[in-house]
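**Q** Turn this into a structure:
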Amino acid sequence: MKFYAAFQNLNLFTKSFLLLIILFFLYGLGIHFFDGIMPIHEWRKTDSLSITWNYSNGASFLYPKTNFISNAGNRNAAAEFPIVYYIIGKIWSVFGQHEWIAKLISFLTLFSAIALFSNVVQHFYQNQRKTLLFVGVIFSSPVLIYYSDTLLPNVYSFAFLLYTGYFLFRFLIDQKFSSLIFFTVFLSLAVMVKVTVLIAVLTFAGAAFCYYFFHKRNLFSKHLKSFLTLFVSLVLAFLFTYLWFSYAIRFNEKYHSILFSTTIRPIWEVDAQRRKEIWDIIWKYQLNMLYHFLILIPSVLFVFYLIVRKKISPFFVWAIVIGFIGLFAYFILWFWVFDVHDYYLIEALFFPLIFLFITVKYSDEILSRFTKTRRVVSILFILTLVLQAVSYTQIAFGKDNIITKNTFFVSQFVKGNWGYFHWYHAEHLKKLQEQASDIQKIINKEDTVLCISDPSPNIQLYTIKRIGFTSQNFFDGGDVKSRISEFVVDKGADYMLVIGPEVQDSAVLFFSQFKLYSKNNIKVYDLKPYKTKFSYK
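**A** Numbering: from 1, shown residues only. Below you'll find the model as predicted:
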């Protein structure tokens, strides 16, 4: 009772933050907090961490680098606005290059954003229990939970969007210039870090405009000053985004970097068969990572019932209509990234949250007369949220227990697919993580490494904290033996790192005479003797 009384005396921000910490442990996120990167999407995770590592070693803010040396002979690569990487890199330079620091900053950023945004939710709900429930709803989306301990820009963009909503709320209440500045800054950051978040920004901006212009009919008579002020902030955010991505595109062109995509990936770029396959992936497996259909379908039906009965504000109707159009455009324009990149769903998270926000707010419209039914529905709603979240995180972290074996919240296809990723991780990257310090003693910081068994740019190079080449350099074709000798003689590869017994190519074996290290299927070979003994010319 004393604990409950003390909890009741806390402000809403603190209550929300404490709830998020409880969910953090409930969903098992603390178990691997001090571990290295986990599957899935090791490729994209290490790309971000690699840029951060280079910032910690003195890279210039406007010249982001990775560990990967491209065929053009440089490590320069730009994509999203790298402010997060730069800040964490500078923190690493002071406290050491610990990935748990990056995870901590990610969780603190997201949790503080959700906790601040709870004040906006409370303004509409006028009910702290419902507000805290919605806070839990936000942090129970599997796709957000699992990637919240990474440096993926999608998570930070989502957090910055929540900051934006909070400071917009503050500005509309107090009309303070400081609130406007923070609104503009976080709006700009949200879009610059992940430009696809514009679908959410334009949805709510468009809904507000239509609501006050068509329904209230007082947009220019009563709200002209606020409208013009916020419009200027929106234009500034667009301008900053345009300037950064123009710079990033020119930067990549100058250094011939193709590591990051700075353009759309539309549906018309794939053939009909592949299009069907990706649609199946989206509908059957990925959308469930937003929220389970047992939650989404009843919420959608309930909201449309409220719309027909004219129980909700036209603002929400406009948000749903415009949001649906934006979401449709998003899937069409970035269609084939969804073949495997499920974290792109984080930008779409705003849309189901509209329905869930309305469902929680107006749930009493139907259930107020039925006390027992309301309790049962509320319990089932919370249990479904929690069980789905726990199921996904347990499977995503590679657990084998009663939950992962019996849950129906995750498809057998996803279980099998993620199970393979964990098996591959255990046989490759995990071993390299455990042996990285030993390998670093062999390979000096100034030496370059050829990670011949790594198809990605930065997974293995980042893990051993060295720069160099990977088999990504060979994707443009050519005889493997000739290409390896080219990298040895002309491009300065000093060592070759090989992981896995499956690497038995005769071209690789040709360069395996000078073995320096061998443990758990990880081998390091000295390539320096070949610089004088062999030439591909």
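
**Q** residue contacts, Ser70?
**A** Applying C-beta atoms under 8 Å, 6 or more residues apart in numbering to Ser70 gives the contacts Ala77, Tyr255, His256, Ser257, Ile258, Leu259, Asn473. All C-beta spots, glycine's among them, are computed from the backbone N, C-alpha and C.

**Q** residues contacting Leu290?
**A** So Leu290 contacts Ser141, Pro142, Val143, Leu296, Leu345, Ala348, Leu349, Pro352 (C-beta under 8 Å, 6+ apart).

**Q** Now that the fifth one has come up, it's in contact with Asn288, right?
**A** Going back to what we said before, that points to Leu345. No: using C-beta atoms under 8 Å, Leu345 makes no contact with Asn288, being 10.0 Å away.

**Q** mind checking the SS state of Ser518?
**A** strand (DSSP: H, G, I helix; E, B strand; the rest coil).

**Q** Next, count neighbours for it.
**A** 11 (other C-beta atoms under 10 Å).

**Q** Nearest residue to it in space, please, no chain neighbours.
**A** Val524 (7.7 Å; C-beta to C-beta, 6 or more residues apart in numbering).

**Q** does the one you found count as helix, strand or coil?
**A** strand.

**Q** Quick one: neighbours of it, just the number.
**A** Val524: 22 neighbours (other C-beta under 10 Å).

**Q** same question, Phe475
**A** Phe475 has 11 nearby residues by other C-beta under 10 Å.

**Q** swap in Thr532?
**A** 8.

**Q** Quick one, grab the pLDDT at it.
**A** Note for Thr532: predicted pLDDT of 73.

**Q** buried ones in the helix or strand hosting it?
**A** Thr532 belongs to helix 530-533 when assigned by DSSP states H and E. Buried residues in helix 530-533, counted by 16 or more other C-beta atoms under 10 Å: Tyr530.

**Q** Helices of the stretch 101-250 of the chain, start to end?
**A** 128-138, 142-147, 153-174, 177-193, 198-210, 224-254 (DSSP state H, counting those that start in this stretch).

**Q** same check, this time on the stretch 301-450 of the chain
**A** Going by DSSP H, counting those that start in this stretch, the stretch 301-450 of the chain shows helices at 314-333, 350-362, 364-367, 371-396, 402-406, 412-427, 429-442.

**Q** Quick one: residues contacting Ser391.
**A** Ile403, Thr404, Thr407, Phe409, Val410.

**Q** let's see 7 Å
**A** Contacts for Ser391 (C-beta atoms under 7 Å, 6 or more residues apart in numbering) come out as Ile403, Thr407, Phe409, Val410.

**Q** how close does the second one get to Ala389?
**A** In this structure, Thr407 lies at 11 Å from Ala389, with C-beta to C-beta, to the nearest Å as the measure.

**Q** So between those two, which is more surrounded?
**A** A count of neighbours by other C-beta under 10 Å puts Ala389 above the other of Thr407 and Ala389, at 25 against 16.

**Q** is it true that that one touches Tyr27?
**A** Yes: here Ala389 reaches Tyr27: they are 5.4 Å apart, a contact under C-beta atoms under 7 Å.

**Q** Select from the contacts of Ser391 the one having the most neighbours.
**A** Of those, with other C-beta under 10 Å as the count, Val410 tops at 22 neighbours.

**Q** quick one: it and Val390 touch, right?
**A** No: with contacts counted by C-beta under 7 Å, Val410 stays clear of Val390, the gap being 10.3 Å.

**Q** Break this structure into its domains for me.
**A** Residue ranges for each domain of the chain read 2-406, 436-533, as given by automatic domain parsing.

**Q** can you put those in TSV and add distance to Lys415?
**A** Listed next are the domains of the chain as TSV, based on distance: least, C-beta to C-beta, whole Å:
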stretch	distance to Lys415
domain 2-406	6
domain 436-533	24
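
**Q** Those domains: lowest mean pLDDT?
**A** Among the domains of the chain, domain 436-533 scores lowest, at a mean of 89.

**Q** give me the number of residues near Asn154?
**A** Neighbours around Asn154, by other C-beta under 10 Å: 24.

**Q** still on that earlier bit, nearest to His425 among the contacts of Ser70?
**A** Nearest to His425 among the contacts of Ser70 is Leu259, at 22.0 Å by C-beta to C-beta.

**Q** ok so, going back, between the helices of the stretch 101-250 of the chain, which one is nearest to Pro64?
**A** The nearest among the helices of the stretch 101-250 of the chain, by C-beta to C-beta, is helix 224-254 at 8.3 Å.

**Q** Can you point out the buried residues in that closest one?
**A** Those would be 227, 229-230, 233-234, 237, 240-241, 244-245, 248, 251-252, for helix 224-254 by 16+ other C-beta under 10 Å.

**Q** next one: stretch 439-451
**A** Ile439, Ile443, Asp447, Thr448, Val449, Leu450, Cys451.

**Q** Isn't Tyr291 up against Pro352?
**A** Yes: Tyr291 lies in contact with Pro352 (C-beta under 7 Å); the separation is 5.5 Å.

**Q** Need the overlap of contacts for those two.
**A** With C-beta under 7 Å, 6+ apart, Tyr291 and Pro352 have no common neighbours.

**Q** Between the two, which has more neighbouring residues?
**A** Shown here are Tyr291 and Pro352; by other C-beta under 10 Å, Tyr291 has more neighbours (25 against 21).

**Q** Are we agreed that the more buried one is in a helix?
**A** No: counting by three-state DSSP, Tyr291 is not found in a helix; it is coil.

**Q** Make 242 the starting number, not 1.
**A** Fine by me, first position is 242 from now on; the one you just mentioned is Tyr532.

**Q** re earlier: could you say which one of the domains of the chain comes nearest to Lys671?
**A** domain 243-647 (7.8 Å).

**Q** can you give me how far the closest one is from the chain middle?
**A** 8 Å (C-alpha atoms, centre = their mean, to the nearest Å).

**Q** And for Glu668, nearest residue in space, chain neighbours not counted?
**A** Nearest one to Glu668, counting by C-beta to C-beta, 6+ apart, is Gly741 at 6.7 Å.

**Q** Contacts only, for that neighbour.
**A** So, once contact is read as C-beta under 7 Å, 6+ apart, Gly741 ends up touching Glu668, His669, Ser694, Asn762.

**Q** State the distance from it to His282.
**A** For Gly741 relative to His282 (C-beta to C-beta), the value is 20 Å.

**Q** Could you do Phe501 as well?
**A** Counting by C-beta to C-beta - Phe501 and His282 are separated by 14 Å.

**Q** and what of Phe751?
**A** 33 Å.

**Q** Neighbour count for the two, which is higher?
**A** His282 (19 against 14).

**Q** what's near enough to touch that one?
**A** Tyr584.

**Q** Could you count how many residues lie near the nearest residue to Asp390 once chain neighbours are set aside?
**A** Among residues not flanking Asp390 along the chain, Lys344 sits closest, at 4.4 Å (C-beta to C-beta, 6+ apart). By other C-beta under 10 Å, the residues close to Lys344 number 20.

**Q** Lys344 and Ser389 touch, don't they?
**A** No: counting by C-beta under 7 Å, Lys344 does not reach Ser389; the two are 8.5 Å apart.

**Q** Now do the shared contacts for Ala630 and Tyr268.
**A** Shared contacts of Ala630 and Tyr268, counting by C-beta under 7 Å, 6+ apart, come down to Ile386.

**Q** which residues touch Asn317?
**A** Contacts of Asn317 by C-beta under 7 Å, 6+ apart are Tyr304, Lys306, Phe492, Tyr496, Ser498.

**Q** Kindly reformat those as CSV containing distance to Asp605 and secondary structure.
**A** Converted to CSV, these look like this (distance: C-beta to C-beta, whole Å; DSSP: H, G, I helix; E, B strand; the rest coil):
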residue, distance to Asp605, secondary structure
Tyr304, 56, coil
Lys306, 55, strand
Phe492, 54, helix
Tyr496, 58, coil
Ser498, 55, coil
